[in-house]
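**Q** Sequence plus predicted model, see below.
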Amino acid sequence: MSETGTANRAPGTGHDLRRSLGFRDLVVYGLLFIAPMAPVGVFGTLDAKSHGAVALVYVVATVAMAFTAFSYAQMVRVVPRAGSVYAYARVALGKDAGFVAGWMAMLDYLLIPAVAYLFSGIAMNALVPEVSRWVWTALAVVVTTLLNLWGVRAAARVGFLVLAMEIVVLLVFVVSAVVVLARDGAERGWLSPLSGDGTQGAFALTAVIGAVSVAVLSYLGFDAIASFAEEVTGGSEKVARAVLFCLALAGVLFVAQTYLVALLEPVTSAELAADPGKQGSAFYDAVDVSVGTWLHDLVAVSKAVGAAFAALAGQAAAGRLLFAMGRDRRLPKALARTDAGVPRVALLCAAVITLVAAVWAARRDDGMDHLVSVVDIGALTAFTLLHASVVSWFAVRRAGGPVSWWRHVAMPVAGAAITIAVIVEASGAAQVVGAVWFVVGVAVLVGQRGRVGADG
């Protein structure tokens, strides 16, 4: 079977995925994973870091992540296979590089859902404190896992309803914010979300760039769309368009909501910087004071439900990654089994790992901090190898036809520079965990090569 073929095997082999997804389904999965109101939890942190220029942070972050989205769009047309960056690096850089890319992406795909499940459990515990948050967390894992096992199409249908609910809540927030601003005016200057509120001195580009290193993490998940390349009707071009569309739409939503809430925010960026304890609830507090508790509660419920279904999309992507690596014998072959076109073994494996991590974190007061500190390094390392794959395939190997130095060299190199810069800006704990995970992956790779040599 050609590496760059559709990778669907003959029916009945137990290794083929069912093609049933359309463009809308891909967009649903992408936006579910990203979450339309992702900035809610990090608004206060970004506002403090950027000196009040939080909307500008998301403008810059959207442009920065566009380089990665563009590289995904380039490679999915060439390698329309499950596993996304694992498959791309395997074809363009070699099998070993592909394994490393998949191994690092696995850290992201298995733990981001755990963070989302934990967030859902915490939110539900706040609404129904009689039930422990670890119970809510485990319940969210079970419900969404059952949906994923039902099939990608069924999960997409339910996910569409949840996404519609999140969009409606976001629109309610936007309309309410506009009404309040028209009636009472803004707490800050109308351009301050783009230029800073002036309470921490003059506009500082370095402060904005520092905040961007955190904001780009809100976008993690749009890349999961590429994992469904073998389950799409109509070809890989549809996947490429969905990746770019999701990133652009998420960018518009992020900029709009952070611009509005920054205008409503009665607390200055300097005050938030001086009191980190206020940063986590800054979005909710601004909504509560300016609009009312009813909208605060509505946003909280939406985030609780939305987080669980963001985890659903992440779990589905993790299952496809494990499936692809199992099919290529880089992980146990059993992961490559499918049942009625659904990779149920891989999905269950991903669900168990995520469940253990999420419940462990839910039973600890510092569990969220531990999870969040490590989930991003894997994705950013995989993104870097994605950009390298574009350069290798198109410019070095010249396997994609005429070389465009702009599309095939300049843009992926710029994208790699951005992802490396974000890795450098990450916390020391995240860097250590990422390095340890990388070393373990290399050890597994060496063990596989040694085993192959012994068998030969």
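**A** Yep, that arrived.
**Q** what comes into contact with stretch 378-390?
**A** With CB atoms under 8 Å, 6 or more residues apart in numbering as the test, stretch 378-390 has contacts from 67-68, 71-72, 74-75, 85, 88-89, 91-93, 97, 100-102, 104-109, 111-112, 220, 223, 408, 411-413, 415-416, 419-420, 422-423, 426, 434, 437-438. Quick note: C-beta positions are derived from backbone N, CA and C, even for glycine.
**Q** give me the element Phe245 is part of.
**A** helix 236-264 (DSSP states H and E).
**Q** Quick check: buried residues in that helix?
**A** 236, 238-240, 242-247, 249-251, 253-264 (16 or more other CB atoms under 10 Å).
**Q** now swap in stretch 87-107 and tell me
**A** 87-93, 95-107.
**Q** and the next element down the chain from the helix holding Phe245?
**A** Next element after helix 236-264 (DSSP H and E): helix 269-274.
**Q** on contacts alone, who are the packing partners of that following helix?
**A** helix 43-49 (3 or more CB pairs under 8 Å, 6 or more residues apart in numbering; DSSP states H and E).
**Q** Can you give me the distance of Arg19 to Phe160?
**A** 18 Å (CB to CB, to the nearest Å).
**Q** Revised request: answer the last question for Ala87.
**A** 27 Å.
**Q** got it, and Asp285?
**A** 31 Å.
**Q** now do Gly401
**A** Gly401 is 37 Å from Phe160, by CB to CB.
**Q** of the two, who's got more company?
**A** Neighbours were tallied for Gly401 and for Phe160 using other CB atoms under 10 Å; the higher tally belongs to Phe160 (18 against 8).
**Q** residue ranges of the strands in the protein, please?
**A** Using DSSP state E, no strands are found in the chain.
**Q** Val76 touches Val85, doesn't it?
**A** No. Here Val76 does not reach Val85: they are 10.0 Å apart, not a contact under CB atoms under 8 Å.
**Q** what about these two, which has more around it?
**A** Neighbours were counted for Val76 and for Val85 using other CB under 10 Å; Val85 has more, 30 against 25.
**Q** quick one: contacts for the more buried one?
**A** 72, 101-102, 105, 223, 226, 382-383, 385-386, 389.
**Q** Nearest to Phe119 among these?
**A** Checking those against Phe119 by CB to CB gives Asp223 as the nearest, at 20.1 Å.
**Q** Which residue, other than its chain neighbours, is closest to that closest one?
**A** Sequence neighbours aside, Tyr72 is the residue nearest to Asp223 in space, at 5.9 Å (criterion: CB to CB, 6 or more residues apart in numbering).
**Q** The one you found reaches Ala226, doesn't it?
**A** Yes. Tyr72 is in contact with Ala226 according to CB under 8 Å; the separation is 5.4 Å.
**Q** the more surrounded of those two?
**A** Neighbour totals were compared for Tyr72 and Ala226, and Ala226 leads with 31 against 26 (other CB under 10 Å).
**Q** residue contacts, that one?
**A** 72, 75-76, 84-85, 239, 243.
**Q** how close does the closest residue to Met37 other than its chain neighbours get to Val40?
**A** Of all residues not flanking Met37 in the chain, Leu170 sits nearest, at 5.7 Å (CB to CB, 6+ apart). Using CB to CB, Leu170 is found at 10 Å from Val40.
**Q** which of the two has more neighbours?
**A** Per other CB under 10 Å, whichever of Leu170 and Val40 has more neighbours is Val40, with 26 against 18.
**Q** Tell me who's in contact with the residue lying closest to that one once chain neighbours are set aside.
**A** Spatial nearest neighbour of Val40, excluding adjacent residues (CB to CB, 6+ apart): Phe283 at 4.6 Å. Contacts for Phe283 (CB under 8 Å, 6+ apart) come out as 39-41, 43-44, 261, 299.
**Q** Next, work out how far apart Phe283 and Pro266 are.
**A** Taking CB to CB, one finds Phe283 at 13 Å from Pro266.
**Q** now the helices for the stretch 201-350 of the chain?
**A** Along the stretch 201-350 of the chain, the stretches classed as helices by DSSP state H, counting those that start in this stretch are 205-215, 236-264, 269-274, 282-290, 293-327, 344-362.
**Q** In JSON lines: these, plus mean pLDDT.
**A** Listed next are those as JSON lines, based on pLDDT from 0 to 100:
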{"stretch": "helix 205-215", "mean pLDDT": "81"}
{"stretch": "helix 236-264", "mean pLDDT": "91"}
{"stretch": "helix 269-274", "mean pLDDT": "89"}
{"stretch": "helix 282-290", "mean pLDDT": "86"}
{"stretch": "helix 293-327", "mean pLDDT": "82"}
{"stretch": "helix 344-362", "mean pLDDT": "89"}
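**Q** check contacts around the residue nearest to Ala69 when sequence neighbours are not counted.
**A** Residue nearest to Ala69 in three dimensions, not counting chain neighbours: Leu247, with 4.4 Å by CB to CB, 6+ apart. By CB under 8 Å, 6+ apart, the residues touching Leu247 are 62, 65-66, 69, 219, 222.
**Q** closest to Arg363 among the residues you listed?
**A** Tyr219 (29.6 Å).
**Q** burial measure for that closest one, as a count.
**A** 25.
**Q** Distance of the closest residue to it other than its chain neighbours relative to Ala248?
**A** Among residues not flanking Tyr219 along the chain, Met65 sits closest, at 4.7 Å (CB to CB, 6+ apart). To Ala248, Met65 is 10 Å away according to CB to CB.
**Q** likewise Ala123?
**A** Taking CB to CB, one finds Ala123 at 28 Å from Ala248.
**Q** go on, Tyr58?
**A** 12 Å.
**Q** Check Leu322 too.
**A** In terms of CB to CB, Leu322 sits 29 Å off from Ala248.
**Q** repeat for Ala155
**A** Ala155 is 24 Å from Ala248, by CB to CB.
**Q** Same question for Arg90.
**A** 28 Å.
**Q** what does Phe119 give?
**A** The value you get for Phe119 to Ala248, if CB to CB is used, is 25 Å.
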